[in-house]
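> Give me coordinates for this.
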Amino acid sequence: MDERDRALVTELVSGTQRWKRFLDFYIAGFSHRPLDKVSPEVLNALRLGTYQLLFMGLPDYAAVSSVVGTLRARSHRGFVNGVLRAMARNLGHVELPSLDDCPEKYAGIRYSFPDWIVRRYFERFGMEAALSLLKVQNHPPPVTLRINGAKTERGLLLEKLRDAGLPAEPGKLGISIKVAGGRRVSEFPGYTEGLFAVQNEAAMIATMVLGPEHGDVVWDMCAAPGGKTMHIAELVSGTGFVVASDIDEHRTGLIGESKQRLGFDNVSTVVLDATHADKAAQALRSAGLPVCFDKVLVDAPCSGLGVIGKHPDIKWMRRESDIPAMAIRQSLLLDTAARFLKPGGALVYSTCTLTREENEEVWRRFLDTHKGFVPANEAITFDDGVTVFEMENGCGYLLPHIHGTDGFFIAKALKGQG
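Sure, this is the predicted structure:
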């Protein structure tokens, strides 16, 4: 596909995923069939057509004919054509549930989220903040780049991007740049030369809280695809060393690709399951790698609710029942990290989700069972001089509607000398 067609397909697919519940609510008002009786192929065609009519402002004939033409069965084409044309004749206000009487149901349909996420946001943040969070997460964020300080400076990279016609602006941190829309990142100037990595500012802050220093030996335990690994490698410089591990061989290979593109030779990768400390030790030794570290980063696999803005499919793929098993796995990863950390070393635990079970409860359980660890607080001030990420009792949240980043939980503790 050429660039315009590719951008259109991306918009159609991600937009339809993002607004699926709202689209279904709207379609139901024009369909004489209950939607649970409509085949997936036909329902997806209706969703695509409705998205074009409601959100993209395409001419009626173009939105309807482009979708109807994809269907094979004549009966399907007739049904979809009838529903979409009726909709096109009556575009306008849709009667949602009352915000006053049914605030959670209103929010779930208006912002197209499953009920369980809406309920959790209301309980966790209160109605007003929950509505703000839902709204923000329904808008795809701009691409965020972290400059490779070993090769360039932010001002130079900004100039290079703008000269190529890209709408690039300074990010919220001194090492970040925002690019709205545009071409694929691999086509940005400076990509091949390794002048930047794609990384959200929340992930940058997790590494900043870890605080890698020249000469440190660091384990990035759940490292793929390697964004934080490369940030750590830059900060520890040529005198330090980073071990980057992941349980998946293919994803571990992505770390190697980033290492080559960005130009860091102080990173070694290894495939291992860090939930089993003894097996992890064996894998590290077999690869000739250290088994004792100055700092350990556990950016754990999680339910991912903090990155719904970038990945709207998470809303529909994730289940609330997934969370307890994830919390168990996260606790096992922290247990392993504690074993491999030097006395006096720093441990950072982070997730890109917003559930208590995976965040505060996992962290509290870790501190309760590892008495030698002392919570450590950090504060990161954004470039505007006003926005601050602050930690209390060794942990804190970055929130999309407050900090303008992905949703992240970050916790830090220091291992005692005893």
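> Count the neighbours of residue 414 for me.
17 (other Cβ atoms under 10 Å). For every residue, glycine as well, the C-beta is placed using N, CA and C.
> any idea which element it lies in?
According to DSSP states H and E, residue 414 maps onto strand 408-415.
> Kindly calculate the angle that the strand ranked longest in the chain makes with strand 408-415.
For the chain, the strand with the greatest residue count under DSSP state E is strand 341-351. Computed with axes from the mean of the first three to the mean of the last three Cα atoms, to 10 degrees, the direction of strand 341-351 lies at 170 degrees from that of strand 408-415.
> Strand 341-351: which residues count as buried?
Buried residues in strand 341-351, counted by 16 or more other Cβ atoms under 10 Å: 341, 345-351.
> Next SSE downstream of that strand?
helix 360-369.
> Show me what counts as buried in that following helix.
362-363, 366-367.
> Dump these to JSON lines, plus pLDDT and distance to residue 326.
Below are these laid out as JSON lines (pLDDT from 0 to 100; distance: Cβ to Cβ, whole Å):
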{"residue": "362", "pLDDT": "98", "distance to residue 326": "9"}
{"residue": "363", "pLDDT": "98", "distance to residue 326": "14"}
{"residue": "366", "pLDDT": "98", "distance to residue 326": "15"}
{"residue": "367", "pLDDT": "97", "distance to residue 326": "19"}
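> would a markdown table of the residues you listed with distance to residue 17 be doable?
A markdown table is the format used below for the buried residues of helix 360-369 (distance: Cβ to Cβ, whole Å):
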| residue | distance to residue 17 |
| --- | --- |
| 362 | 29 |
| 363 | 32 |
| 366 | 35 |
| 367 | 38 |
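> Could you single out the nearest of those to residue 391?
Among the buried residues of helix 360-369, residue 363 lies closest to residue 391 (Cβ to Cβ), at 11.0 Å.
> which ones are touching the closest residue to that closest one other than its chain neighbours?
Among residues not flanking residue 363 along the chain, residue 411 sits closest, at 4.6 Å (Cβ to Cβ, 6 or more residues apart in numbering). Contact partners of residue 411, counting by Cβ atoms under 8 Å, 6 or more residues apart in numbering, are 348-350, 359, 363, 375, 391, 394-396.
> do residue 310 as well
So residue 310 contacts 140-141, 200, 406 (Cβ under 8 Å, 6+ apart).
> go on, residue 30?
Listed by Cβ under 8 Å, 6+ apart, the contact set of residue 30 reads 83, 86-87, 90.
> cool, residue 54 as well?
Residue 54 neighbours (Cβ under 8 Å, 6+ apart): 23, 26, 91.
> need those in CSV with pLDDT and distance to residue 304, can you?
As requested, those are exported to CSV (pLDDT from 0 to 100; distance: Cβ to Cβ, whole Å):
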residue, pLDDT, distance to residue 304
23, 97, 22
26, 95, 27
91, 85, 34
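> Which of those residues fall within helices?
23, 26 (DSSP state H).
> Show the buried residues in the contacts of residue 54.
23, 26.
> picking up where we left off before, just give me the closest of the contacts of residue 310 to residue 67.
Using Cβ to Cβ, the contacts of residue 310 come closest to residue 67 at residue 140, 22.3 Å.
> Isn't the closest one up against residue 309?
Yes - the criterion here is Cβ atoms under 8 Å, and residue 140 meets it with residue 309 at 6.1 Å.
> Strands of the chain, residue ranges please.
143-147, 168-170, 176-179, 196-198, 217-220, 241-246, 267-271, 293-299, 341-351, 373-375, 379-381, 388-390, 395-398, 408-415.
> outside of the third one, which residues touch it?
If you take Cβ under 8 Å, 6+ apart as the criterion, strand 176-179 is touched by 142-147, 154, 157-158, 161, 166-171, 188, 196, 201, 204.
> What of the fourth one?
Strand 196-198 has contacts (Cβ under 8 Å, 6+ apart) with 143-148, 152, 157, 177, 185, 188, 190, 227, 230-231, 258, 262.
> Just the buried residues from those, in PyMOL please.
Only the buried entries of the contacts of strand 196-198 go into this PyMOL selection, using 16+ other Cβ under 10 Å:
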select buried, resi 143+144+145+146+147+148+152+157+177+188+190+227+230+231+258+262
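> contacting residues for the residue nearest the centre of the chain?
Centroid-nearest residue in the chain, with Cα atoms, centre = their mean: residue 307, separated by 3.2 Å. Residue 307 makes contacts with 200, 314, 352, 406-407, as judged by Cβ under 8 Å, 6+ apart.
> at 6 Å what do you get?
Shown in contact with residue 307 (Cβ atoms under 6 Å, 6 or more residues apart in numbering): 352, 406.
> Residue 227 too?
Residue 227 sits next to 197, 199, 203 when contact means Cβ under 6 Å, 6+ apart.
> Pull out the buried residues from stretch 281-301.
For stretch 281-301, the neighbour count (16+ other Cβ under 10 Å) marks 283-284, 289-290, 293-301 as buried.
> Disregarding flanking residues, what is the spatial nearest neighbour of residue 12?
Closest to residue 12 by Cβ to Cβ, 6+ apart is residue 48, at 6.0 Å.
> Touching, the one you found and residue 67? I think so.
Yes - the pair residue 48 / residue 67 is scored as a contact, 5.3 Å apart, by Cβ atoms under 6 Å.
> who's more crowded, the two?
residue 67 (24 against 21).
> which non-adjacent residue is nearest the more buried one?
Residue 67 sits nearest to residue 49 (Cβ to Cβ, 6+ apart), 4.0 Å away.
> Let me see the contact set for the one you found.
Shown in contact with residue 49 (Cβ under 6 Å, 6+ apart): 63, 67, 84.
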